[in-house]
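1. Return atomic coordinates for the entry below.
(3 chains)
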Amino acid sequence: MPELPEVETTRRELEPRLVGRRVKRVVVREPRLRWPVPPELAARLEGRRITGLARRAKYLLASARGGTALIHLGMTGSLRLMSSSDPAGPHDHVDWRLDDGQCLRYRDPRRFGAMLWWEGAPARHPLLSRLGPEPFTDAFHGGWLHERSRGRRAAVKSFLMDGRIVAGVGNIYANEALFEAGIHPGRPAGRISRERYERLADAVRRILSRSIGAGGTSFRDYVRTDGEPGRYQTRLMTYDRAGKPCVRCGAALRGRIIGQRSTVWCPRCQR
DNA sequence: CTTTACGCCTGACGGC
DNA sequence: TGCCGTCAGGCGTAAA
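-> This is a model prediction of the structure:
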């Protein structure tokens, strides 16, 4: 499931091979993603050069003269670079054929992802305009989490996964960061001290950094741009490990649905 | 404002 | 073996 580390891994791998290239042709085999791929995406992108590739939360932003393509990988999306002559497989919904013979190919079996075109400033896009700070910026710190959580009764895990609080933390890494910080995922967000939120902010950054360093987590569908899986799934401490021993203390990890998401924690290490 | 539930979608899995 | 029900889940949206 692509979260911030998977999207950032994709961005870093694509950037040197995509930026500066001209898009010769956009082929949309299946426009029915989360929102329909708009016809103007192909119309505007064809013939233009990609001038940059940025990330905001889990969105990739490919800029060109006159606009920006927003790409979201949803649950099962991946972007790979291959030869334009490679035959498309199942769920390969969109190709960007480039001027050097490469092809940027978007695959997404469940079609929860998106590919949109936006002609204004990216920060003004409705999907981006209300996002909270990026985890790796100075604006994200324990004091911010503490301040924003006052009066909130929802579980800290749900709070941490709220994109308006911090951008890009999804279910897997919320579980991992709370484990690392020793905080029970079900604890009401408003009842956690500033000191513990400092530890949580640090843990979020550390967990995300480690996963980016490993090329992300591949559970089912996510692959890197060369088709290889990420390596971080071998280092997950909680996710998908309910009932298994805690890597730190050996106690059996507990699992429960919190905020409609599978949640795993150690009953001894997390309070 | 916050919180909760729903739905989009396919593939994997378990039960019979 | 095959069919079918259930589940997973990012995240926008609607409703409470």
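2. OK, contacts around residue A:122?
-> Residue A:122 makes contact with A:54, A:56, A:61, A:63, A:68, A:70, A:128, according to Cβ atoms under 8 Å, 6 or more residues apart in numbering. Just so you know, the C-beta spots here come from the backbone N, C-alpha and C atoms, and that holds for glycine as well.
3. Chain A against DNA strand B: which residues are in contact?
-> Residues of chain A found near DNA strand B (Cβ under 7 Å from any atom of the strand) are A:32, A:34, A:75, A:90-91, A:109-112, A:151-155, A:158-159, A:189-190, A:220, A:259-260.
4. Return the subset of these lying in helices.
-> A:158, A:159 (DSSP state H).
5. Which among the residues of chain A next to DNA strand B count as buried?
-> Burial by neighbour count, 16 or more other Cβ atoms under 10 Å: within the residues of chain A next to DNA strand B this picks out A:34, A:75, A:91, A:109, A:111, A:152, A:155, A:158, A:159, A:189, A:259.
6. Name the single longest helix found in chain A.
-> Counting residues, the longest helix in chain A under DSSP H turns out to be helix A:194-213.
7. helices or strands next to that helix in the packing?
-> Here helix A:194-213 touches helix A:4-18, helix A:142-149, helix A:156-160, helix A:171-181, going by 3 or more Cβ pairs under 8 Å, 6 or more residues apart in numbering; DSSP states H and E.
8. Mind giving me the packing neighbours of the third one?
-> Right, helix A:156-160. Using 3+ Cβ pairs under 8 Å, 6+ apart, helix A:156-160 sits against helix A:142-149, helix A:171-181, helix A:194-213.
9. which of the ones you listed sits most buried?
-> helix A:171-181 (a mean of 26; mean count of other Cβ atoms under 10 Å).
10. Please state the offset of that one from the chain centre?
-> From the chain centre to the centre of helix A:171-181 is a distance of 14 Å (Cα atoms, centre = their mean, to the nearest Å).
11. cool, stretch A:214-234 as well?
-> That offset, for stretch A:214-234, works out to 13 Å (Cα atoms, centre = their mean).
12. and if you look at stretch A:115-132?
-> With Cα atoms, centre = their mean, you get 16 Å for stretch A:115-132.
13. and it, C-alpha only, in PDB?
-> C-alpha atoms of stretch A:115-132 as PDB (Å, rounded to 0.1, in the frame of the first residue of the first chain):
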ATOM      1  CA  MET A 115      -4.400  11.100 -12.400                       C
ATOM      2  CA  LEU A 116      -5.500  14.700 -12.700                       C
ATOM      3  CA  TRP A 117      -4.600  17.900 -14.400                       C
ATOM      4  CA  TRP A 118      -4.400  21.300 -12.700                       C
ATOM      5  CA  GLU A 119      -3.500  24.600 -14.200                       C
ATOM      6  CA  GLY A 120      -3.200  26.700 -11.000                       C
ATOM      7  CA  ALA A 121      -0.600  26.700  -8.200                       C
ATOM      8  CA  PRO A 122      -0.400  23.100  -6.900                       C
ATOM      9  CA  ALA A 123      -0.900  24.400  -3.300                       C
ATOM     10  CA  ARG A 124      -4.300  25.800  -4.300                       C
ATOM     11  CA  HIS A 125      -5.600  22.400  -5.500                       C
ATOM     12  CA  PRO A 126      -8.600  21.400  -3.400                       C
ATOM     13  CA  LEU A 127      -7.000  18.000  -2.700                       C
ATOM     14  CA  LEU A 128      -3.800  19.700  -1.400                       C
ATOM     15  CA  SER A 129      -4.900  23.000   0.000                       C
ATOM     16  CA  ARG A 130      -5.900  21.800   3.500                       C
ATOM     17  CA  LEU A 131      -3.100  19.400   4.100                       C
ATOM     18  CA  GLY A 132      -1.000  19.700   7.200                       C
END
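14. What residues sit buried inside that stretch?
-> For stretch A:115-132, using 16+ other Cβ under 10 Å, the buried residues are A:115, A:116, A:117, A:118, A:122, A:125, A:127, A:128, A:131, A:132.
15. Who is the fourth one paired with across the strands?
-> Going by DSSP bridges, residue A:118 is paired in beta bridges with residue A:68.
16. List the residues that contact it.
-> With the criterion set at Cβ under 8 Å, 6+ apart, residue A:118 makes contact with A:67, A:68, A:69, A:70, A:125.
17. Pull the contacting residues for the nearest residue to the fourth one once chain neighbours are set aside.
-> Closest residue to residue A:70 in three dimensions, ignoring its sequence neighbours and counting by Cβ to Cβ, 6 or more residues apart in numbering: residue A:116, at 4.4 Å. Contact analysis of residue A:116 by Cβ under 8 Å, 6+ apart lists A:35, A:37, A:38, A:41, A:69, A:70, A:71, A:127.
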